[in-house]
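Trainee: Generate coordinates for the sequence data below:
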Amino acid sequence: MELYANVIGEGKPFLILHGFLGMGDNWKTLGTKFSENGYQVHLIDQRNHGRSPHTAEFSYELLSQDVKEYCEKNQLKNIVLLGHSMGGKTAMKVACDYPELIDKLIIADIAPKYYAPHHQTILEGLTMLNNSELKSRGEADEKLEKFINNWGTRQFLLKNLYWKEKGKLALRMNLEVLKEKINEIGSALTSEEKYTGETLFINGGNSNYIQKEDQPLLKEHFPSSKLETIDGVGHWLHAEKPKEFYQLVVDFIEK
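Mentor: You can find the predicted model right below:
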C-alpha cells in the first residue's frame, strides 16, 4: 500500500494523520508552520481518502500497518506523530503496534474508546453529491446545504471535490467502502493495548469527544500522557484556534 503524502520542509520527520472524510491537505497551513521549526512534515492521505489507494478493506490495524510501511519505505525513524479524530485513532494504534517508530505522540480530540456511528447525515449528503452530475463547486455547496447547515463543515467536505474530467466533478474518497465500514471508524483500543512513550492529548473545550470521565482511560492506555484543553473550540480545534494548537504542540515536542 503506497500512501500519498505531501512532504514539506527538512528535518526531523513529523507525520500528520487527518480525520474521517478528510485528507492531508486539510493540515497544509499548520504543516507549513511546523516545517518552519525544523521538521520534515508529511501530510498523509490515509487509505480510502484523498489520493491514497482505494481498497475494499478498512480497519485501524490496516491503517496502522500503512503508516509503518510508509515509514519503512521513506526510512523515517524517531517520528513525531500527530493524529486528529480518526487519524488520532490510527496514531494511537501505530503507537501501540510499533512503539519503536515514535518519539512523541499527539492526539487531537479523540479518546481510545468506542464511538457509535454519528456521521449519517454527512454520509447521506455526500452520497447525494456522488450520484449527482456536478458542474461547479457552488452547485455542490448548494446541494450539500440541504443536509449540512454548517458552512465550515461543508467547506471541509467539499475539499474532496476534484475535476474527474472536463466539466465533471467527483469526490476523492472511497465513499461506498467508508459507508460500509462505518462501525470500524469508532472502534476502541483493546484493554491490552498500551503505549508508554510521551503522549499529549488536546481536546476542544466545546467538544464532547473527550469527556472528563475518559481521563482514567487515557492514562490506562497511555500512562505517560497529559491532557490539554483549548477553550472555546469544538472538534475542529486546530482549524478554529490554530495559534493555540500550534503552541501546545511545539511546547510539547520541543521541551
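
Trainee: Glu228 belongs to a strand, doesn't it?
Mentor: Yes - assessed with DSSP: H, G, I helix; E, B strand; the rest coil, Glu228 lies in a strand.

Trainee: For burial, what's the neighbour tally of Thr121?
Mentor: Other residues near Thr121 come to 10 when the count uses other C-beta atoms under 10 Å. C-beta here means a position set from N, CA and C on the backbone, and glycine is covered the same way.

Trainee: ok, it touching Lys146?
Mentor: No - applying C-beta atoms under 8 Å, one finds Thr121 not in contact with Lys146, separated by 10.2 Å.

Trainee: and for these two, which residues touch both?
Mentor: Residues touching both Thr121 and Lys146 (C-beta atoms under 8 Å, 6 or more residues apart in numbering): there are none.

Trainee: which of the residues in stretch 40-57 are buried?
Mentor: Residues Gln40, Val41, His42, Leu43, Ile44, Asp45, Gln46, Arg47, Asn48, His49, Gly50, Ser52 are the ones in stretch 40-57 that count as buried (16 or more other C-beta atoms under 10 Å).

Trainee: Hmm, I typed the wrong one, I wanted stretch 200-207.
Mentor: Residues Leu200, Phe201, Ile202, Asn203, Gly204, Ser207 are the ones in stretch 200-207 that count as buried (16+ other C-beta under 10 Å).

Trainee: same deal with stretch 248-255?
Mentor: Of the residues in stretch 248-255, Leu248, Val249, Phe252, Ile253 count as buried by neighbour count, 16+ other C-beta under 10 Å.

Trainee: For my notes, confirm the last one occurs in a strand.
Mentor: It stands for Ile253. No - checked against three-state DSSP, Ile253 lies outside a strand; its state is helix.

Trainee: Any chance of the backbone angles for Lys104?
Mentor: phi -130, psi 140 (degrees, to the nearest 10).

Trainee: just so I have it, where are all the strands in the protein?
Mentor: 5-8, 12-17, 39-44, 79-84, 102-108, 161-165, 168-171, 199-204, 225-230 (DSSP state E).

Trainee: Columns mean pLDDT and distance to Leu134 on top of these, output as a markdown table?
Mentor: As requested, those are arranged in a markdown table below (pLDDT from 0 to 100; distance: least, C-beta to C-beta, whole Å):
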| stretch | mean pLDDT | distance to Leu134 |
| --- | --- | --- |
| strand 5-8 | 98 | 25 |
| strand 12-17 | 98 | 28 |
| strand 39-44 | 98 | 26 |
| strand 79-84 | 98 | 27 |
| strand 102-108 | 98 | 31 |
| strand 161-165 | 91 | 7 |
| strand 168-171 | 90 | 4 |
| strand 199-204 | 98 | 32 |
| strand 225-230 | 98 | 35 |
